[in-house]
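Novice: Sequence and computational prediction follow.
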Amino acid sequence: MAKEGHKYIFVLGGVMSGVGKGVVTSSIGLLLQQKGYPVNLVKVDPYLNVDAGTMNPTEHGEVFVLRSGLETDQDMGNYERFLGRDLTNGDYMTSGMVYQSVITRERALEYGGKCVEAIPHVRDEILQRILAAADHNGSRVSVIEIGGTIGDFQNALFIEAARVLKMNHPEDVLFVMVSYLPTPGTLGEMKTKPTQTAVRDLNSYGVQPDFIIARSKDPVDEKRKEKLAIWCNVRKDRVISAPDIKSIYEAPLNFEKDKLSDALLDALNLPEKRKASLAAWKKFAVAVAHTKAPEVSIAIVGKYFDTGDFVLSDAYLSVIEAIKFSAAKLGRHAKISWINSKDLEKGGAKAVSVLQKYHGIIVPGGFGESGIEGKIKAIQFAREKKIPYFGLCYGMQLMVIEYARNVLGLKGAHTTEIRKNTEDPVVDIMLEQKKHLADNKYGGTMRLGSYPCYLRKGTMARLAYKKELVEERHRHRYEINPAYVKRLEDAGLVFSGTSPDGVLMEIAELSRTKHPFMLGTQFHPELQARPLSPHPLFTEFLRAAIARRKKR
Ligand code: GLN
């Protein structure tokens, strides 16, 4: 049963993928929220993986972990960043999840002997999930992004579910098509034809778009808006120009130039509750795109570099955004450089010395052996040369291994993820994880999601957060081996954050008297960094990086 008066906006892609459906969805969310309507944003991924946790980041981008622990698509990260709040499991759906529910029900004889089919059973499972998501957090409008492009086999059932919802609630459902208008170099003219064809494709599903978000290099002029209106059967004031922009955070401001939020409320028959106040957002969007601000240069030492620049930034999306937010807050422009840890392995001392010129170094999360010794070399260099260092998850585990090897003198120190029988397993598999691996249960079984972390008084972590207890999101199977904690601490490493019972080491740091900023977290702070509330640890790290810049 649909919630009385609840509104649904479906965002679909035409012509081609990769032109910003996610940013459109996030922007619509932000704008309606600003107008006084609570929204929830739903991502529909048509692939058969049950969640995004089993996908390689070079192929599918970063895995974004929700507070609950669900491993989702990177778009969910953008949604949370635009809305400035946490999303829930109901806000994410894959074909894998949908089919799994239907098949489980079939095995339990819940279909009463019927032949179970894509329509109605799979379609209705999709519908039921969309309706359930509407119940979260007192939401009034759901904005649902359907992954892929119109015409894909994979997403047809989702479009069909949306059509049925519209048929049953014609007043409450809108379709927004994000399309692309190419300007071929030889013509120098923006073409509307591919969009007309995409609309016709969508029509063949029985769906008519109410809005067209016209993505293009330059703004769409009146003439082309008229053309789109006539040929696509969409009101001209509902054809919204969406030219290329410097940063995605400008998108909602740009849409407002074409009065998108007013047009949406009008189409949904919702009264305007208040004027959208975008002042704070605008201030942030200007600061984050201000490339002329004094620079702070950060090196990210990682390994997901094999498939070119395009994928690279996607694999570490939240880390990049978290750096940008804190830099903008401090009035700086962050210049991020990518250092392939495998190159540091091959090139000896000289290779590592390239790191000298950066103001700060990050080793982000990761798995497996490749490039690991290069990362450890980078960490040693950062420690010895007193370059601000921030380790995220794997980056913290490797920081502890480096300390054990080079300060404690345990030359064989390693993680059992790489060397099962290492002499000194300073990083070891968590007890409950052993069984998962023995049973080949990889999907959704890591230590995932939000856990509390107690911060020790007088430490850099505590100073940064200005709190005693925080909650952060995790995604790992290994941990600092409790058997080594005392020896590491005696050698000067400080475990400034632990689980409240003191058992799990969540933050490691060196005291400020020894190093300007050397800190690693077992959790992923980048997942909770938001435009208007940057993460305190990223901000402290950047403060230290800026201080190094001034000194040099
Ligand atoms: N591979 C490490 C582990 O599983 C770190 C994971 C990560 O960096 N997210 O514990």
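Specialist: Arrived safely.
Novice: Using neighbour counts, pick out the buried residues of stretch 496-507.
Specialist: 496-498, 504-507 (16 or more other CB atoms under 10 Å). Bear in mind the C-beta positions are built from the backbone N, C-alpha and C, glycine included.
Novice: close to the ligand, is that stretch?
Specialist: No: counting by CB under 6 Å from any ligand atom, the ligand is not contacted by stretch 496-507; separation bottoms out at 11.8 Å.
Novice: measure that stretch end to end?
Specialist: Stretch 496-507 has its terminal residues 6 Å apart, counting by CA to CA, to the nearest Å.
Novice: Farthest pair within the buried residues of stretch 496-507?
Specialist: The span of the buried residues of stretch 496-507, defined through CB to CB, is set by Ser496 and Leu504 at 13.1 Å.
Novice: could you pull out the strands for the stretch 1-150 of the chain?
Specialist: For the stretch 1-150 of the chain, the strands defined by DSSP state E, counting those that start in this stretch occupy 7-13, 39-45, 64-65, 71-72, 92-94, 141-146.
Novice: picking that back up, among the buried residues of stretch 496-507, name the ones in strands.
Specialist: Counting by DSSP state E, the part of those found in strands is 496-498, 505-507.
Novice: Tell me which of the strands of the stretch 1-150 of the chain approaches Gly449 most closely.
Specialist: strand 64-65 (6.2 Å).
Novice: Spatially central residue in this structure, please.
Specialist: Central residue of the chain (CA atoms, centre = their mean): Gly77, 3.0 Å from the mean position.
Novice: Now for that residue: which residues touch it?
Specialist: By CB atoms under 8 Å, 6 or more residues apart in numbering, Gly77 lies in contact with 62, 64, 317-318, 321, 527.
Novice: Then Tyr394?
Specialist: By CB under 8 Å, 6+ apart, the contact list for Tyr394 reads 363-367, 375, 476.
Novice: go on, Pro209?
Specialist: Counting by CB under 8 Å, 6+ apart, Pro209 touches 12, 175-177, 199, 202, 232, 234.
Novice: Nearest residue to it in space, please, no chain neighbours.
Specialist: Distances taken as CB to CB, 6 or more residues apart in numbering put Met177 closest to Pro209, at 3.9 Å, once the chain neighbours are dropped.
Novice: Which single residue of the stretch 201-350 of the chain approaches the ligand most closely?
Specialist: Closest to the ligand within the stretch 201-350 of the chain is Gly302: 10.5 Å, counting by CB to the nearest ligand atom.
Novice: Show me what from this structure comes close to the ligand.
Specialist: Residues of the chain lying close to the ligand (CB under 6 Å from any ligand atom) are 365-367, 393-394, 417, 475-478.
Novice: Buried residues in stretch 274-286, which are they?
Specialist: By 16+ other CB under 10 Å, the buried positions in stretch 274-286 come out as 276, 278, 281, 284-285.
Novice: show me the biggest helix of this structure in terms of residues.
Specialist: Longest helix of the chain, by residue count under DSSP state H: helix 536-551.
Novice: how close does Pro38 get to the ligand?
Specialist: Separation of Pro38 from the ligand (CB to the nearest ligand atom, to the nearest Å): 32 Å.
Novice: pretty sure that residue is touching Ser139, no?
Specialist: Yes: between Pro38 and Ser139 there is a contact under CB atoms under 8 Å: 5.1 Å.
Novice: and these two? which has more neighbours close in?
Specialist: Ser139 (21 against 14; other CB atoms under 10 Å).
Novice: For the longest helix of the chain, which helices and strands make contact with it?
Specialist: strand 295-302, helix 317-329, strand 360-363, strand 389-392, helix 460-465, strand 518-521 (3 or more CB pairs under 8 Å, 6 or more residues apart in numbering; DSSP states H and E).
Novice: can you list the residues that contact the helix or strand just after the fifth one?
Specialist: Meaning helix 460-465. Following helix 460-465 in sequence order, the next helix or strand is strand 469-476 (DSSP states H and E). The contact list for strand 469-476 (CB under 8 Å, 6+ apart) reads 63, 65-67, 69, 71, 365, 393-394, 430, 446-455, 497, 500, 506, 521-525, 527-528.
Novice: where does the stretch 401-550 of the chain have low pLDDT?
Specialist: Scanning the stretch 401-550 of the chain for pLDDT under 70 picks out nothing.
Novice: thought Asp210 was touching Arg238?
Specialist: Yes: here Asp210 reaches Arg238: they are 6.2 Å apart, a contact under CB under 8 Å.
Novice: which residues are common contacts for these two?
Specialist: In contact with both Asp210 and Arg238: Ala267, using CB under 8 Å, 6+ apart.
Novice: In terms of neighbours, single out the busier of these two.
Specialist: For Asp210 versus Arg238, neighbours defined as other CB under 10 Å are more numerous around Arg238 (23 against 20).
Novice: Gln208 versus the more buried one, what's the distance?
Specialist: Arg238 sits 12 Å away from Gln208, going by CB to CB, to the nearest Å.
Novice: Please apply the same query to Val164.
Specialist: Using CB to CB, we find Val164 at a distance of 15 Å from Gln208.
Novice: and if you look at Met446?
Specialist: From Met446 across to Gln208, the span is 43 Å (CB to CB).
Novice: Repeat that for Val400.
Specialist: Look at Val400 and Gln208: by CB to CB, they are 58 Å apart.
Novice: Which residue is the nearest non-sequential neighbour of Met76?
Specialist: Closest residue to Met76 in three dimensions, ignoring its sequence neighbours and counting by CB to CB, 6+ apart: Phe64, at 4.8 Å.
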